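[1] Fold the following.
(2 chains)
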Amino acid sequence: MIFKIPKDIKFSYLYKRINILSFILIFLSIIILSIKGLNLGVDFKGGTLIEIRTENINTNIGEIRQSLLKMDLGDVSVKKFGKEKDYLAKIEFTDIDDTNFIENIKEKLSSDLGTVVNFRRVENVGPKVSNELLNAGLLAISLSLAAMLFYIWIRFEWQFSLAAIIAIIHDVIITIGIFSLLSYEVNLSIVAAVLTIVGYSMNDTVVIFDRIRENLRKYSKISITEISEISINETLSRTLITSVTTLLALFSIYFLGGAILKGFSFAMIIGVIIGTFSSIFVATPILYYTKVNQKTVLKDDAENN
Amino acid sequence: MLYFSKIKLFAIYFIIIFLSLFSLANFIDSKDNFILSKNINLGLDLQGGSYLLLEVDSKPIVNRNLQEKLLKLRKYLKKDKIKYQNLRLTDQSINFVIDENHLEKFEKYFLNKNNLINNYFNQYREYEMNYLVKNNKIKIEYSKFGLIELKNSTQDQSLEIVRRRIDEIGTNEPTIIKRGNDRILVELPGLDDPNRIKNLLGKTANLSFRLVSENEDDFGSEILSYEDDEEKLLISKRVIVSGDNLISAKPSFDNQNNQTTVNFSLDRVGSKKFGRVTTNNVGKRLAIVLDNKIISAPVIRDPIVGGNGVITGNFTFQSATDLALLLRAGALPAPLKIVEERTVGPDLGEDSIKAGAISLLIGFLLVIFYMFYKYRLLGIIADLALVTNLIILVGILTILEATLTLPGVAGIILTVGMAVDANVLIFERIKEEMKIEKSTIHAFDSGYKRAQSAVLDANITTFISSVILFLLGSGPVKGFAVTLGIGIITTLFSAYYFARHLSSIYAIKNKDKQIVL
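    Below is the predicted model of the structure:
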C-alpha cells in the first residue's frame, strides 16, 4: 500500500450501515438473477461455440450473424472476441448425428462472406452432457461449501462456522449477481473461479477468526465487539497486502492472459474484492450477533482436550 | 522455530535441488535420461487438438441380443413341448403368453443357472434377465446387471475398434479411454481438423454383400437407398458375406475404367460362400451394403471363387482409402455418437501459451516488486521463497507428468499471488512480536510459531476447494485444480522450511541490531 494503513479503525460503527448495504446488494442480485437469469455458455446449455478468424478485415459482425441465421441453427449470437478479425459465435443447435455439421457451417460461412474463414476453436456440447456438466458444477460448489462448513466447525466453534458460511454465500451470490447484470457468460471456468473464491474468502475469514479466538482467550474483560475490532485491525495490513498481491496476479491474467481467461479472471477479481470485504464486514459481526464470548472459546478448548 | 538440524537442512535443500532438476528437464530435450525425459504435457487447449466424447448407443445391440434370445427361446419351448402364443419382441423386451400348466416348467428352466438364455452372473449373484408373469403373460427383459454387463462389453469392443481406426490414421499420441460404462473419451493432440476422424468414428461400418431381389425370397427383402442418391433398390435380407469375413481391404486404381476401387480379400469361409453364391447367380446383381446404404450393385459377370474381390462405387481416392480403413478395422458393435467435441486450432494454442507466459511473468514481477517495496530485506526472502516455490511447483508437475492447461497456467499465476500470503502472515506477526519482545531472535521465533495456525487454516481451505474441483471438474478445469492444489503444498513448504531458514540466518546475523520492518 502506498498509503499508511491506519491501526485503529472503528469498524463496529460501520457495521450496521454496511450490513444494510450487503442486504441490498444480495437482494438486488437475487432480483437481477430471477429477472435476467444467467448467460449460460455451451458447457451448461448445450450448443456450439465457434471462435472464428476471418482473412478479410472488412468482415463485420452483422454479415456473420446473417449468414449463420440463414442456416437455421436456432438462436445465434456473434460478438467480437479479442483481436481484430476474431469473432465468437454461439449457436443454439448442435447436431450430433451429422458429423459434417461443423464442416458445413464453415463452408457456407466462407462462401457467404467471400473470404477464407478459420475456425480457431470449436466447442460442441450435446444436451445430455451439458446437463451433466451443470449438475457436476452445482454439486462441486455445494460440496465445497459443505466441506468448508465442516472444516471450520472442527477447527472453531459453530458460531464461527455459521459466520464464515454466510460470508461465503454472500460473496458467491453477489459475484453471480454481477455476472447476471453484465450478461457475462457462465461456463466451466467460472465454476472454477467461484470455487476458488469460496476458498479465498474462507482463507481471509479464517485468518481474522484465528486472531479473534486468540484474543478471546487472552482477554476476559473486553467485549467481543472490541475484541473483533482489535483483531481486525491487527490483521488488517496482512488482509490488504494479500489482497493486493492476489489482485496484481489476477489483473495480469485479466489484461494479458488472452480472451479465454477474461471471464475467469474477472470473476476472481470481483470475488477477491468482495471476499476481503465480507470477512471484515459480514463474517465478524455475525460473531456478536450470535453472542460469542470467552466462554464459547474456552468451552470448546476444554472439549478438545 | 529458528533452529535447523543439519539433517533437516540437508533434506530441505536436497528436495529443492532435486525438484529443480526436474523442472529444468522441461527445457532440455532428451529421451534417454530418467530425469530429463520427463516433461509437463501441454493440454489440448495449449497445443491444439481435439477432444471427443463418444457415446455408445446400446439400444440396437439390446434388440439384436433379444432377437437371438427369442430364437433360442422358441427352440427350447418347442423342444420341451410347452404351449405358447404370440412370442414376439416389443419395446426392448420379449413377450409371450404361456399355457398355465407349463408355467412352472418354464420357470424352472429359466432360473436354472446353466440355461442358455438367461446367464447367471456369479460375481453379482444375479441373473442377466428379469421376467414378469401377469395373467400367463410373460415379459422378459434385461436386468440391471445384465444391462451393465452388456454395456461394459459393448464399450470394450467399441473402444478396441475406435483404437484400431485411430491407429490406422496414424495420429500423434492419441488418448482413448473409457468414461462411465457407455462412453469413450478420445483426445487427439495436434489434430487440426477433426472432420475426417469424426466421420470415421461416426460410421458403424457394417458391411454386407447381398443379392438384389427380383422377387420376394424366403428371407424377405427390404428397400434400401444409395449412399448419395435418391435411387432405391429392393435388397434381399439374406447376408451372403459380411465384414466379419474380411481379411484385408485396400484402395486401388482401376486403370481400365479410370476409377478408384477398394480391393478386398475374404477368409476361407467367406471365400467359399462368396464363390458358391456368385457361381449360382451369374447375371444377377450383387449389392454391397454399408450401414444400410448401398455403395454399389454391380452385375455378377463371372463367379468369384478366389476370395478376392473389388468394390466399385463413386469413390474419390480419399473415400476409398477411408472405406478400406473402416473395413480393415472392423465394424463397431453399436453406433457411436459424438456427444461433446472441443477442438482448438494450433495457432490459438500458441497464442494462449504466449499470453499465459506473459501474464505469468508480469504477475510474478509485480508481486516481487510489491513484496520488496513492503518488506525490503524480508521481502527479498519472500521473493526468493516465491521463486523457489515456482521452481518446485514446476518440478512436481513434471514428475507427475501433469497436463498443463490454460486454466492451469491461471492456477500458477494465482498461486504466485496467494503464495506470498504465508510469508505476509508470518512477517506481520513478527512485526507485532517485535513490539513486545526485546530480542530479535525471540520475535522471529514466536512470530513463526504464532502464525502457524492461521497459515495452515488459510491454506487448507483453498486446498479443499481445489480437491473438490479436481474430483468433479473436467478437462482444462482439472488442470487448474492440479496447479492450484500442488501450488498450496509447495507454498507451505517454501514458506515454512526454505523462507524460515533464510529468516533465521537473517535474524541471527542481526540479533543485536534494531530491525525495522
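
[2] And the helices in chain B?
    Under the criterion DSSP state H, chain B contains helices at B:6-25, B:44-47, B:59-79, B:103-110, B:144-169, B:195-201, B:268-280, B:317-329, B:346-399, B:406-436, B:440-472, B:476-493, B:500-509.

[3] what mean pLDDT would you report for the first one?
    I take that to be helix B:6-25. Predicted confidence along helix B:6-25 averages 91 (mean pLDDT).

[4] Spell out which parts of the stretch 101-250 of chain B neighbour chain A.
    Residues of the stretch 101-250 of chain B lying near chain A by C-beta under 8 Å from any C-beta of the partner chain: B:Asn195, B:Lys198, B:Asn199, B:Leu201, B:Gly202. Glycine gets a C-beta too; all of them are placed from N, C-alpha and C.

[5] Type out the PyMOL command that picks the buried ones from those.
    For the buried members of those, the matching PyMOL selection, counting by 16 or more other C-beta atoms under 10 Å in any protein chain shown, is:
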select buried, chain B and resi 195+198+201+202
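
[6] is it true that B:Tyr120 touches B:Lys113?
    Yes: between B:Tyr120 and B:Lys113 there is a contact at 4.2 Å, judged by C-beta atoms under 8 Å.

[7] Which of those two has more residues huddled nearby?
    Looking at B:Tyr120 and B:Lys113 with other C-beta atoms under 10 Å in any protein chain shown, you find the greater number of neighbours at B:Tyr120, namely 14 against 10.

[8] Of all the helices of chain B, which one is nearest B:Ser252?
    When the helices of chain B are compared by C-beta to C-beta, helix B:317-329 sits nearest B:Ser252, at 7.9 Å.

[9] Looking at the closest one now, give me its mean pLDDT.
    Per-residue pLDDT values over helix B:317-329 give a mean of 90.

[10] domain assignment for the chain?
    In the absence of a named chain, chain A is used. The record, using automatic domain parsing to delimit domains, assigns chain A the ranges A:11-41+A:130-304, A:47-124.

[11] Chain B was what I was after
    Chain B resolves into domains spanning B:6-48+B:347-509, B:59-147, B:207-342 when parsed by automatic domain parsing.

[12] Pick the most deeply packed of those domains.
    When you average the neighbours per residue for each of these (mean count of other C-beta atoms under 10 Å in any protein chain shown), domain B:6-48+B:347-509 leads with a mean of 20.

[13] For that one, what is the distance to the chain centroid?
    Put simply, domain B:6-48+B:347-509 sits 31 Å off its chain's centre (C-alpha atoms, centre = their mean, to the nearest Å).

[14] Can you get me the start-to-end distance on it?
    19 Å (C-alpha to C-alpha, to the nearest Å).

[15] quick revisit: dump the residues of the stretch 101-250 of chain B next to chain A to TSV, plus pLDDT.
    Shown next, in TSV, are those (pLDDT from 0 to 100):
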residue	pLDDT
B:Asn195	85
B:Lys198	88
B:Asn199	87
B:Leu201	90
B:Gly202	86
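
[16] now what about stretch A:53-69, what contacts it?
    The set of residues external to stretch A:53-69 that reach it, using C-beta atoms under 8 Å, 6 or more residues apart in numbering or on different chains, is A:52, A:76-80, A:84-87, A:89, A:91, A:105, A:108-109, A:112-118, A:120.
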